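Peer 1: Sequence and predicted structure below; questions after.
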Amino acid sequence: MKKVCVMLSAYNGEKYLPRQLDTLAAQTGVDMRLYVRDDGSKDSTSRILKEYRDRGVIDKIIEDGKGNLGFADSFYTLVREADPDCDYYAFCDQDDEWDPDKLAAACSVLDGADASRPALCFGRYRVIDRNGKVKQKKGLKFYRFFPEYAFEELFSMNFTYGCTCVFNAKAREYYLRYEIGEIRFHDWTINVICTGLGSVYFDPQPHMSYRLHESNCFGPISLSKKALRRFRNYWKNYEMNNTRLKEMLLFKKHFYGELTDERREFVDMICGYREDPALKKKLLSSKRYFHKGKKGWLSILNRYQIRKGKL
């Protein structure tokens, strides 16, 4: 039976956290370790976590006294403190609901991967509302997966949701080459690592339910005022703030020497397009980056970002 360390970052999660913890306790077919960090909650989250720890559901609560780090650094802390003897590792959000076979299904996929290289399994999810009613039977309807150009596609848009991610010990080792404060999106970074240096597997069958409510940090968009403000802030702070360039610069810093020549060429193109007009022109005409051609809103957006130096 495979040992899997589940890493949950909680923040003001009292409303949905108990239900999620119950679904984690119901996981089958794996030897699960549950590590949790409270990212500075001001509600009863801390009490709930301690209750579940006393019941034996939670193996360890990371109590580092650092309060609110934000989701990226909180997850980084969890990855760093996770049980190093596990076969696989899984990100977990506080407000979802996992099927009993979620971890076992991912493990069965990853068992076929080369353990000496980073490997990731992620997949679809159902979308539920705040009351648990199914709104979509399969999320990620817009997901496009091109194994031929997957690494380049990642710098158009990340289609990997952290709550579906399960990865191997080598991926954890590579993830920890980064330093706290460098990672902006835990799911994007683990996907870039595994796609660029190892393997990524997509499971088309949902094994969890993603809860859509007014307080989601990211994910599918609802029409509430709070969600629309969130999307506006995301657009300003990430889409038009060189997020892809920053991600690529860090990837180059940590892994450049281990890439194939073709991927080094692409990395250099992203990292240098703002200073070198020839690289910008080459990037705009790249068939690897714009795999589906000139049509589509995503290609239009990315071309605009490149021309403005905002990619």
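Peer 2: The structure has been received and is ready for your questions.
Peer 1: In this structure L154 contacts N191, no?
Peer 2: Yes. With contacts counted by Cβ atoms under 8 Å, L154 reaches N191, the gap being 6.2 Å. No exception for glycine: its C-beta is placed from N, CA and C like everyone else's.
Peer 1: who's more crowded, the two?
Peer 2: Taking neighbours as other Cβ atoms under 10 Å, L154 and N191 compare with N191 leading, 25 against 21.
Peer 1: Averaged pLDDT, the helix or strand harbouring the more buried one. What do you get?
Peer 2: Element membership for N191 (DSSP states H and E) is helix 186-197. What helix 186-197 shows for mean pLDDT is 96.
Peer 1: Now do the helix or strand following that helix against helix 186-197, angle only.
Peer 2: For helix 186-197, the following helix or strand on the C-terminal side (DSSP H and E) is strand 199-203. When axes from the mean of the first three to the mean of the last three Cα atoms, to 10 degrees is applied, the directions of strand 199-203 and helix 186-197 differ by 120 degrees.
Peer 1: hang on, the earlier thing: so how far is the helix holding N191 off the chain centroid?
Peer 2: 8 Å (Cα atoms, centre = their mean, to the nearest Å).
Peer 1: do the same with stretch 72-87
Peer 2: Relative to where its chain is centred, stretch 72-87 has its mean C-alpha point 14 Å off (Cα atoms, centre = their mean).
Peer 1: Could you confirm F167 falls within a helix?
Peer 2: No. Counting by DSSP: H, G, I helix; E, B strand; the rest coil, F167 is not part of a helix but strand.
Peer 1: Count the residues that sit near the spatially closest residue to it that is not a sequence neighbour.
Peer 2: Nearest residue to F167, sequence neighbours excluded (Cβ to Cβ, 6 or more residues apart in numbering): L120, at 4.5 Å. By other Cβ under 10 Å, 27 other residues sit near L120.
Peer 1: need the contact list for L120.
Peer 2: Neighbour list for L120: 160, 165-168, 171, 190-191, 193-195, 198-201 [criterion: Cβ atoms under 8 Å, 6 or more residues apart in numbering].
Peer 1: so which of those residues comes closest to D31?
Peer 2: The closest of the contacts of L120 to D31 turns out to be V166 (Cβ to Cβ; 14.0 Å).
Peer 1: Since that was my last question, I'll sign off now.
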